[in-house]
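pasting the sequence and the predicted model now:
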Amino acid sequence: MSVSFCGLDLRHRVINGSGTFDAIAAQRVFGDELYERFPFTAFVSKTITLAPREGNPPPRLWEAQAGLINSIGLPNKGLDRYLSEDLPQLAKLGVPLFTNVMGSTAQELSRLVEACAQFTQITAIELNVSCPNVKTGLDIGADPAQLQKLLSTLRPLTSKPLIVKLTPNASDVPACAQAAESAGADAVSLINTLRASALDPRRAPRASARWLGGGSGGLSGAAIRPVALAQVAAVTERVEIPVIGMGGVQTSRHAQDLIDVGATLVAVGTESFRDPTAAARIALDLDK
Amino acid sequence: MSVSFCGLDLRHRVINGSGTFDAIAAQRVFGDELYERFPFTAFVSKTITLAPREGNPPPRLWEAQAGLINSIGLPNKGLDRYLSEDLPQLAKLGVPLFTNVMGSTAQELSRLVEACAQFTQITAIELNVSCPNVKTGLDIGADPAQLQKLLSTLRPLTSKPLIVKLTPNASDVPACAQAAESAGADAVSLINTLRASALDPRRAPRASARWLGGGSGGLSGAAIRPVALAQVAAVTERVEIPVIGMGGVQTSRHAQDLIDVGATLVAVGTESFRDPTAAARIALDLDK
Amino acid sequence: MVAPFGRRTVQITRSDTVGAYRVLHAADPEGPAPVAGQFAMLQSVERWGGGEDERPYLPRAFSYARFAGGEAQFLLEDVGPGTNRLDELTVGDEMWLLGPLGVGFSAPADGRRALLVGGGVGIAPLVIWQDTLLEQGTQALALLGFRDRARAQAAELLRDARVASDDGSVGHHGLVLDLLQRELDQDAHAVVYACGPAAMLEAVRAECERRKLPAQLALESGMACGFGACFGCVVPSRDGYLRVCVDGPVIDAARLERVDQHAGASP
Amino acid sequence: MVAPFGRRTVQITRSDTVGAYRVLHAADPEGPAPVAGQFAMLQSVERWGGGEDERPYLPRAFSYARFAGGEAQFLLEDVGPGTNRLDELTVGDEMWLLGPLGVGFSAPADGRRALLVGGGVGIAPLVIWQDTLLEQGTQALALLGFRDRARAQAAELLRDARVASDDGSVGHHGLVLDLLQRELDQDAHAVVYACGPAAMLEAVRAECERRKLPAQLALESGMACGFGACFGCVVPSRDGYLRVCVDGPVIDAARLERVDQHAGASP
Ligand SMILES: Cc1cc2nc3c(=O)[nH]c(=O)nc-3n(C[C@H](O)[C@H](O)[C@H](O)COP(=O)(O)OP(=O)(O)OC[C@H]3O[C@@H](n4cnc5c(N)ncnc54)[C@H](O)[C@@H]3O)c2cc1C
Ligand SMILES: Cc1cc2nc3c(=O)[nH]c(=O)nc-3n(C[C@H](O)[C@H](O)[C@H](O)COP(=O)(O)OP(=O)(O)OC[C@H]3O[C@@H](n4cnc5c(N)ncnc54)[C@H](O)[C@@H]3O)c2cc1C
Ligand SMILES: Cc1cc2nc3c(=O)[nH]c(=O)nc-3n(C[C@H](O)[C@H](O)[C@H](O)COP(=O)(O)O)c2cc1C
Ligand SMILES: Cc1cc2nc3c(=O)[nH]c(=O)nc-3n(C[C@H](O)[C@H](O)[C@H](O)COP(=O)(O)O)c2cc1C
Ligand code: FES
Ligand code: FES
């Protein structure tokens, strides 16, 4: 059963969530078996920024009830080294590549999009707009008007499909999706992690030492699945462009729920940590 | 250890979340033992509206992973019968009463606040602003400017403490809290349930029949605890007024986490369904 | 019957397989004896949750099937994660129990006999109700419907039950409603007590309405709390929504226009 | 050693108490033999989760303590919900195993002898490393520190180990670092291999730096995936953050300015 997405013909409906699978590291760990049994029908890169980023200090992880809080902080080599070092390796995966990029200004994002537009190995560009606006502190994607303006700037810069990865920490996620659509986005993806915190279990009594090195983090996994289903359903009701649904998907049933409310593709994130071939299992079960 | 909250002297820090404990029904079920061992240091009513409401059609509940989705729809007898029938009974509980009210316009809310202001049995008024605005579809409490305007209208109507129960489905919850504070709110409470959905497990293949009679619902319980901690921490950093923290509290550890990030009181909701005396257990353990 | 405030720990003293079902015995020395038709909210103390999907999270409702000598009996069918977990409890394991909860059955007035109509695991409250009625010297004929022979074995929990089965493997091949009609055709001076799948309850309700006979229906509904706190368990009635946990589970059929599709036992 | 892609099911063949710890044996006939210092991500197939707080949710990392005849051995201490669940597994129970993962130890060059410094449950990778070294004919003296006698019993897993204990109940009353210093004072032509609590690792690192001795430290860190996917397990190094799961767990001490407080075994 092949699936059409933004003009692509994909073998099945399951991809990875950005930042939850490092295909290059995985190749070192699992060898060529990774290529032979690559679980995703398209591969989404970690978020890439213009300049290299170290990411947040440890600890970066906290296990919650049926969920994971991460405060990774988007470590990456920066655009140049991604394009020169990683892209040639990722091209060997044999599936379409979606490059996920983030910038805190329209200028930064423009440069990222323009650069990606040059590379034939990159099939589509995913914009991570869950990045805090330096001025307001809010995610740059949380305000529909701002998002529409941003997209209008970026749209002319490439003919590749532009996927907007919406922030779930917004009052009106469907309005953000509509704004993206009206400004020419080819697809939207959601949900990213929900803002979440944890305290150091070994802190002194009545102290509030934050556990995560980044101060706070994002919740993913099973715990957020009902929120993801609601947001995906609300968005598919309001836009015509295809939707990539994600958030807590662990089984084909969960994937089917997202598809049944209108998602075209489904992404698996945290579940790959528990089961690195989860996406393959889910794709297989979906076909049954 | 007594606790001061909005000029009240409370025996401990644990109250109920609105809509998660019906003291009148509980008295019928558990008899006078309920009074003798009343678990909450103050009692918060279900949300009361001007006109009676039937609530949503069943099914109203869905069990999620470590959480509960409800689509109750705020059934209640309406203001008049609440004041004449319920209030005299609730007064027998022997703890301060917080009456939670909701209206979809400033006018409705004004009438509710004015009416409550007349009753000495009511200690404080909690405003549920997680109610969709008829025009925008967004929660009326999701926009700081609107919320500030609303509060400015309501503040002069009563000298009782006004608690604003913030909506968690907002881009900028701390800004909403600040808006409430600046317009004279005496306290804020959070978090209410996160928007969530579920599908009918027995639906036809590839159909999307919503499970909940209300179309979608709100997620509560353990699954939302890390989100609650993050929102409470973000709010206490930005306001001086006391904060009532809630969301997935099941043990004194969870309550202590909220207190450690600055909450004055803690509310228990869903956990009371699993253990009706949970709040008493938590209050006791907190003191240890 | 008023319930103690708070869930209490009870220990499993016996767990028997009865055909497709399980009868769980739990020592509850402090527990007040329930009225027939009342229920308890149950959850295992250990490992409630952690199955596929991490459910169960909330306690589950079960009718008292018997209560004697400080021991409660529950009849259950493994239909999901909660019943699955309870099903695997063995002697010595502990459960949390909140109860007895809800409104039970009330006895027939004016010398009428009782007709107990049960479907599947819904026969549970009829077991204790028949015990009670027979003790009081009231006639209480049980008419029970099951999907198949394995399930029908539970009919042995009642005295002299007449059985119908969907697949014809035991008793009457067809619906328990057929048995009820036959009985009522012969002697209609009866009160009907029914518990089972929604479709069965609705058929019983409609039949009794047609014949102007009193009927009490023990409903089911997804519950979060069992004591009126969540407003989650409602069913529509002629006077608006009723909370099954505090206004029921036993509801006078006359109060219902029809039995909601979500208000019955798993078929 | 490259790992098969995907978690595989392995069966518990033995579970022994060794003082305060447990040694879990699992049949892994298809599993490639690990290099000493490598680890596996483990989770039980049944009931992973459902304890207090519904955790564990993610798999947990454990060093191979031995691997022979298609059977892997893990040494574990019950410190939380994950280790607690693994601790209660019995013969025939199943685990999911992903591994072998990470970079292991490498043997001393130029005829140096090996000093194996372990603390608490951190001795696990030193067991298999000592086996390997002795087989290769390399001297491998084990210096082990424990909190108390119950924990110190695990020293029996290594050959001729010298022991220190915090409470003085066995061996030297004090730190394992004292034993190391004593050894190095006598013969400093050695490579140090260490695994244990962060404070111990840092002391070992500083000592070796002072003496200009090569040292390999097996670090720990909270992990979500174990195969480089999440970037969650990082520790600071002289060249920025390293992922313990793919750049380690064994890291050349020279790469670290200091051992991060989160990078060691539970003390
Ligand atoms: C008053 C009363 C008395 C009862 N007495 C008995 C009795 O004596 N014996 C007995 O066996 N049962 C009895 N029940 C029914 C029993 O409570 C349910 O069968 C039980 O709750 C099922 O739990 P579960 O976890 O095993 O199954 P669940 O997974 O909860 O499934 C049960 C039903 O819920 C639906 N469902 C599936 N997933 C979900 C979800 N995520 N959230 C919500 N619903 C879902 C399914 O479609 C299924 O029909 C009674 C119920 C009530 C209300
Ligand atoms: C490469 C490597 C090899 C290892 N080898 C071994 C080994 O051979 N034997 C062995 O016994 N252990 C080993 N460990 C450690 C082992 O993985 C941990 O002890 C285990 O993960 C603990 O899990 P738990 O659920 O039992 O405890 P957890 O509850 O996860 O607690 C463990 C630690 O995490 C902290 N913590 C508490 N709550 C949370 C929370 N909600 N989220 C995150 N952290 C929390 C605690 O403070 C505690 O220090 C190794 C670790 C690594 C990285
Ligand atoms: C450890 C981790 C790292 C992530 N990194 C990124 C990232 O770099 N860019 C991004 O857009 N989303 C990132 N995400 C979000 C995921 O892509 C996904 O939206 C989210 O985790 C929800 O899906 P899940 O519940 O299946 O994990 C990350 C999530 C996790 C858990
Ligand atoms: C069944 C149910 C009904 C609720 N009804 C109300 C309500 O009427 N008014 C309100 O402000 N909040 C209501 N809430 C929200 C709770 O008060 C609380 O904010 C939320 O459930 C989070 O806390 P918890 O995780 O401890 O349940 C309700 C929650 C539940 C689960
Ligand atoms: S189950 Fe909660 S009100 Fe009935
Ligand atoms: S544990 Fe995920 S990157 Fe190391």
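Great, that's in hand. Ligands and ions are numbered 1, 2, ... in the order given.

contacting residues for the one residue in chain A that gets nearest to chain C?
The minimum distance from chain A to chain C, using Cβ to the nearest Cβ, falls at A:Ala66 (4.9 Å). C-betas here are computed from N, CA, C, even on glycine. Contacts for A:Ala66 were tallied using Cβ atoms under 8 Å, 6 or more residues apart in numbering or on different chains; they are A:Gly221, A:Ala222, A:Ala223, B:Gln65, B:Ala66, B:Gly67, B:Ala222, B:Ala223, C:Glu54, D:Gly49, D:Glu54, D:Tyr57.

in chain C, what helix or strand scores lowest on average pLDDT?
helix C:81-87 (a mean of 93; mean pLDDT, DSSP states H and E).

for the stretch 101-250 of chain A, give me the ranges with low pLDDT.
Residue ranges of the stretch 101-250 of chain A with pLDDT under 70: A:134.

show me which residues of it sit near chain B.
Neighbours of chain B within the stretch 101-250 of chain A, by Cβ under 8 Å from any Cβ of the partner chain: A:136-139, A:142-143, A:169-172, A:194-199, A:203, A:206-208, A:216, A:219, A:222-227, A:229-231, A:233-234, A:248.

ChimeraX command to pick out the buried ones of those residues?
Here is the ChimeraX command that picks out the buried ones among those, judged by 16 or more other Cβ atoms under 10 Å in any protein chain shown:
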select /A:138,139,142,143,169,170,171,172,194,195,196,197,198,199,208,216,219,222,223,224,225,226,227,229,230,231,233,234,248
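
ligand 1: which of the contacts of A:Ala66 is nearest?
Using Cβ to the nearest ligand atom, the shortest approach to ligand 1 within the contacts of A:Ala66 belongs to B:Gln65, at 8.7 Å.

how about the next helix or strand after the least confident helix or strand of chain C and chain B, touching?
Next along the chain after helix C:81-87, taking DSSP states H and E as the criterion, comes strand C:94-101. Yes: using Cβ under 8 Å from any Cβ, strand C:94-101 reaches chain B at C:Trp96, C:Leu98, C:Leu101.

thought B:Arg274 was touching the second one, still the case?
No: contact criterion Cβ atoms under 8 Å: C:Leu98 and B:Arg274 do not qualify, at 9.4 Å.

now for these two: what residues contact both?
The contact sets of C:Leu98 and B:Arg274 overlap at C:Pro59 (Cβ under 8 Å, 6+ apart).

so between the two, which is more surrounded?
C:Leu98 (28 against 22; other Cβ atoms under 10 Å in any protein chain shown).

partners of that one in the sheet?
Using DSSP bridges, the beta-bridge partners of C:Leu98 come out as C:Met41.

what's the local residue count around the residue nearest to A:Asp186 when sequence neighbours are not counted?
Leaving aside its sequence neighbours, A:Asp186 sits nearest to A:Pro161 (Cβ to Cβ, 6 or more residues apart in numbering or on different chains; 4.0 Å). A:Pro161 has 20 neighbours, counted by other Cβ under 10 Å.

check contacts around A:Pro161.
A:Cys6, A:Gly7, A:Leu8, A:Thr123, A:Ala124, A:Ile125, A:Asp186, A:Ala187 are the contacts of A:Pro161 under Cβ under 8 Å, 6+ apart.

what about the helices in the chain?
In the absence of a named chain, chain A is used. A:23-30, A:33-36, A:79-81, A:87-91, A:106-117, A:144-154, A:173-182, A:225-236, A:252-260, A:271-274, A:278-287 (DSSP state H).

chain C was what I was after
Going by DSSP H, chain C shows helices at C:81-87, C:124-135, C:149-152, C:176-186, C:198-210, C:244-247.

which one is residue 255 nearest to, not counting chain neighbours?
I went with chain A, as the question did not name one. Nearest one to A:Ala255, counting by Cβ to Cβ, 6+ apart, is A:Val266 at 4.3 Å.

actually chain C
Nearest residue to C:Arg255 in three dimensions, chain neighbours excluded: C:Ser237, at 4.8 Å (Cβ to Cβ, 6+ apart).

swap in C:Gly19?
Leaving aside its sequence neighbours, C:Gly19 sits nearest to C:Gln153 (Cβ to Cβ, 6+ apart; 2.8 Å).

surely that neighbour is in contact with C:Asp16?
No: using Cβ under 8 Å, C:Gln153 makes no contact with C:Asp16, being 11.2 Å away.

distance of the residue lying closest to C:Leu177 once chain neighbours are set aside from C:Gly145?
Nearest residue to C:Leu177 in three dimensions, chain neighbours excluded: C:Ala203, at 4.8 Å (Cβ to Cβ, 6+ apart). Look at C:Ala203 and C:Gly145: by Cβ to Cβ, to the nearest Å, they are 10 Å apart.

OK, now which residue of the stretch 101-250 of chain C is nearest to ligand 2?
Using Cβ to the nearest ligand atom, the closest approach of the stretch 101-250 of chain C to ligand 2 is made by C:Ala224 at 25.7 Å.

dump the helices of chain A to TSV, plus distance to B:Ala255.
TSV is the format used below for the helices of chain A (distance: least, Cβ to Cβ, whole Å):
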stretch	distance to B:Ala255
helix A:23-30	40
helix A:33-36	45
helix A:79-81	46
helix A:87-91	47
helix A:106-117	42
helix A:144-154	37
helix A:173-182	31
helix A:225-236	23
helix A:252-260	31
helix A:271-274	30
helix A:278-287	35
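
right, and those helices - which one's nearest ligand 5?
Of the helices of chain A, nearest to ligand 5 by Cβ to the nearest ligand atom is helix A:225-236, at 19.1 Å.

strands along the stretch 151-267 of chain C, start to end?
Applying DSSP state E, counting those that start in this stretch to the stretch 151-267 of chain C gives strands spanning C:162-165, C:172-173, C:190-195, C:215-218, C:234-237, C:240-243, C:250-252.

contacts only, for residue 217.
As the question left the chain open, I've gone with chain A. Applying Cβ under 8 Å, 6+ apart, we find A:Gly217 in contact with A:Arg60, A:Trp62, A:Ile69, A:Asn70, A:Ser71, A:Thr193, A:Arg195, A:Ala196, A:Ser197, A:Ala198.

not quite, go with chain C.
Contact partners of C:Leu217, counting by Cβ under 8 Å, 6+ apart, are C:Ala194, C:Cys195, C:Leu201, C:Val204, C:Arg205, C:Val250, C:Ile251, C:Asp252, C:Ala253, C:Leu256, C:Val259.

try 7 Å
The contact partners of C:Leu217, by Cβ atoms under 7 Å, 6 or more residues apart in numbering or on different chains, come to C:Ala194, C:Leu201, C:Arg205, C:Ile251, C:Ala253, C:Val259.

could you check the pLDDT of the residue nearest to C:Gly19?
Note for C:Gln153: predicted pLDDT of 97.

try C:Cys233
97.

I'd assumed C:Gly222 was in contact with it.
Yes: contact criterion Cβ atoms under 7 Å: C:Cys233 and C:Gly222 qualify, at 6.5 Å.
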